[in-house]
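Novice: please find the sequence and the predicted model below.
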Amino acid sequence: MFFGPVLTGATTTMMAPVTVLALRGRAGLPWWLGALGAVAFAEQAVETVTIFGSTGFTQPGGAMNMQLGAGLTLAWMLAFALWAGIRGRAHHSATKPLSI
């Protein structure tokens, strides 16, 4: 089965809005998340050339897809989750009412 275009489309659709907001300094997103997202997004865009590859780095399911693309996407997703978890926990503790 050939899931490459579906995975690339889903990944870029997920990363694009968060990356743009972070790079513009909106929604309280950190700039470093936007920078990492821009790198991962660019790699995903370049990765679309693998549909024309047949051997080596650019072959479908090759190193560009499975190591570089997956690694950058995983790094972005983990960074976003970690940042959101820390921010959510800090926000929750700051707004928690005092118990008497």
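Specialist: Nice, I can see it.

Novice: tell me which helix or strand the closest residue to Leu33 other than its chain neighbours sits in.
Specialist: Distance criterion C-beta to C-beta, 6 or more residues apart in numbering; nearest residue to Leu33, sequence neighbours excluded, is Ala22 at 4.6 Å. Heads up, the C-betas are built off the backbone N, CA and C, glycines and all. Of the helices and strands defined by DSSP states H and E, Ala22 is found in helix 4-23.

Novice: for this protein, where's the lowest mean pLDDT among helices and strands?
Specialist: Here the helix or strand of the chain ranked lowest by mean pLDDT, DSSP states H and E is helix 63, holding a mean of 79.

Novice: residues in contact with the spatially most central residue of the chain?
Specialist: By C-alpha atoms, centre = their mean, the chain has its centre lying nearest to Trp76, at 3.9 Å. Going by C-beta atoms under 8 Å, 6 or more residues apart in numbering, Trp76 touches Met15, Leu33, Leu36, Gly37, Ala40.

Novice: please report the distance of it from Val18.
Specialist: 9 Å (C-beta to C-beta, to the nearest Å).

Novice: same check on Ala40?
Specialist: Taking C-beta to C-beta, one finds Ala40 at 11 Å from Val18.

Novice: equivalent analysis for Thr58, please.
Specialist: 27 Å.

Novice: what of Gly28?
Specialist: For Gly28, the distance to Val18 - C-beta to C-beta - is 12 Å.

Novice: more neighbours: these two, which one.
Specialist: The neighbour comparison of Gly28 against Val18 (other C-beta atoms under 10 Å) goes to Val18, with 18 against 10.

Novice: which residues does the helix holding Ala22 contact?
Specialist: By C-beta under 8 Å, 6+ apart, helix 4-23 touches 27, 29-31, 33-35, 37-38, 40-41, 44-45, 47-48, 50-51, 60-61, 65, 69, 73, 76, 80.

Novice: who's in contact with Gly69?
Specialist: Shown in contact with Gly69 (C-beta under 8 Å, 6+ apart): Thr8, Glu43, Gln44, Glu47.
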